[in-house]
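In: need coordinates for the following:
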Amino acid sequence: MAELSELRQRIDEIDARIFELFAERTGVAEEVAAYKRESGMRIFDPSRERAKVADAAERVPEDLATYAQVLMELLMEASRARQHELLDDAAEDATLRAIAAARRSTPELFPPSAHVSCQGVEGAYSQIAAEKIFRRPNISYSPSFDGVFRAVGQGLARYGVVPFENSTAGTVRQVFDLMMEHSFRIVRTTRVKVDHNLLANPGSELSDIRDIYSHEQAIGQCAEFLSGLPDVRVHVCENTAVAAERVAESGRRDVAALSSLPCASLYGLDVLSSCVQDRDNNYTRFACISRDLEIYPGADRTSLMIVLPHEPGSLYKLLAKFYALDINLLKLESRPIPERDFEFMFYFELECPVAAPEFSSLMASIGGLCQECRYLGSYAEVL
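Out: Reported below is the predicted structural model:
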């Protein structure tokens with residue numbers, strides 16, 4: 001039996017030959033791409049690539065067939081990325097043309113003030129988020145998240161601010177479902193530290209409380225505290241600030257709200273218990289949405305909504321593309337598509353400067369792997 005050092009030396013020699021052939025293959029592929037450009041042909045040829053993957057399985061022993069197919073897919077992915085980089089295939093892609101136009105037309109500075117739609121009433125966490133994103137927002141309130149999307153879509157407000165993710169309770173499902181229904185763009189995100197407090201009318205005691213109102217996310221984030229109140233009924237309402245407003249308007253001493261501390265002074269309520277969330281590091285992320293595509297300098301995050309073919313390996317192939325381009329994924333979420341049984345939409349949030357060549361390569365070639373791909377915008381997060 002050969003010594004380990006000898007085996008490793010043989011592997012090194014084989015690897016050297018592989019990389020020589022890889023460089024040679026890439027050079028030929030660049031010539032093919034140049035020919036396609038001259039002839040008006042698209043770089044991506046799905047039928048040709050399917051045939052190459054199938055052929056790879058035939059060229060190795062049966063127990064290596066899957067590995068050979070994976071290797072061939074990675075080779076073609078790397079080749080496509082190189083072709084897009086050299087030949088500037090961005091001109092062929094409508095999304096990349098729109099991105100380039102938005103980068104040219106968007107002002108250098110994010111607006112300090114604008115008309116912004118938020119869900120709920122004054123004191124809502126969405127208001128706090130809007131005031132982090134804008135120095136002087138002119139805020140109008142909608143009773144529902146759907147109302148915020150509609151206000152933006154109909155031009156009644158230039159921007160909308162909606163919560164979409166919590167560090168402890170996860171995705172705000174209602175907002176993600178609305179994201180599939182409405183046409184919009186994300187222009188900023190921010191995160192707000194969430195401290196829930198039990199608020200009640202002056203003179204109330206904790207032992208008096210029989211009903212507690214709040215948003216479903218806040219209720220989930222305070223589950224441990226609420227479990228210690230077995231005789232209390234918990235009710236879901238539209239918003240934590242709405243809950244505080246209702247308690248104040250009721251005048252009753254047996255009702256309370258899980259809400260923010262600013263709502264206590266805003267609605268004249270007492271704090272019966274403070275910071276009652278299960279975890280102290282409780283943050284909610286908010287998205288600032290617009291009707292038009294705006295990409296401000298410094299945009300290093302991108303959101304995509306993608307529907308993949310219902311076939312083995314479709315998600316893997318897409319993830320391999322991110323890996324090949326060295327693009328970091330910050331979030332991957334799946335949501336069922338309404339009226340389409342057992343089909344899912346994937347929400348991707350990726351970290352990559354919009355000006356990076358890797359981003360252009362991704363956007364120029366991603367369509368070949370997807371049934372649908374919606375580009376939601378590129379943006380920075382305000383901390």
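In: tell me where the model's unsure across the stretch 1-150 of the chain.
Out: Across the stretch 1-150 of the chain, the ranges flagged by pLDDT under 70 are 1, 43-44, 81, 84-92.
In: and if we set it to 50?
Out: 89-91 (pLDDT under 50).
In: please enumerate the helices of it.
Out: 4-39, 46-58, 65-87, 94-105, 125-133, 145-153 (DSSP state H, counting those that start in this stretch).
In: the stretch 151-300 of the chain now?
Out: According to DSSP H, counting those that start in this stretch, the helices that the stretch 151-300 of the chain contains are 173-181, 216-221, 223-227, 240-250, 261-266.
In: need the winner for burial among those.
Out: With neighbours defined as mean count of other Cβ atoms under 10 Å, those peak in mean count at helix 240-250, which reaches a mean of 23. For the C-beta atoms, the positions are set from N, CA and C on the backbone; glycine is no exception.
In: export it to CSV, keeping only CA atoms.
Out: In CSV, the C-alpha atoms belonging to helix 240-250 read as follows (Å, rounded to 0.1, in the frame of the first residue of the first chain):
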residue,chain,number,x,y,z
THR,A,240,-49.7,47.5,20.3
ALA,A,241,-50.5,51.2,20.2
VAL,A,242,-54.1,50.5,19.3
ALA,A,243,-54.3,48.2,22.3
ALA,A,244,-53.1,51.1,24.6
GLU,A,245,-55.6,53.5,23.0
ARG,A,246,-58.4,51.1,23.5
VAL,A,247,-57.5,50.6,27.2
ALA,A,248,-57.4,54.3,27.7
GLU,A,249,-60.7,54.9,26.0
SER,A,250,-62.4,52.1,28.0
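In: adding mean pLDDT, write the helices of the stretch 151-300 of the chain out as CSV.
Out: Shown next, in CSV, are the helices of the stretch 151-300 of the chain (pLDDT from 0 to 100):
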stretch, mean pLDDT
helix 173-181, 89
helix 216-221, 92
helix 223-227, 95
helix 240-250, 96
helix 261-266, 94
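In: show the end-to-end separation of stretch 306-323, please.
Out: 17 Å (Cα to Cα, to the nearest Å).
In: ugh, typo on my part, it should be stretch 196-204
Out: Start-to-end, stretch 196-204 (Cα to Cα) is 18 Å.
In: and it, how far from the chain's centre?
Out: 36 Å (Cα atoms, centre = their mean, to the nearest Å).
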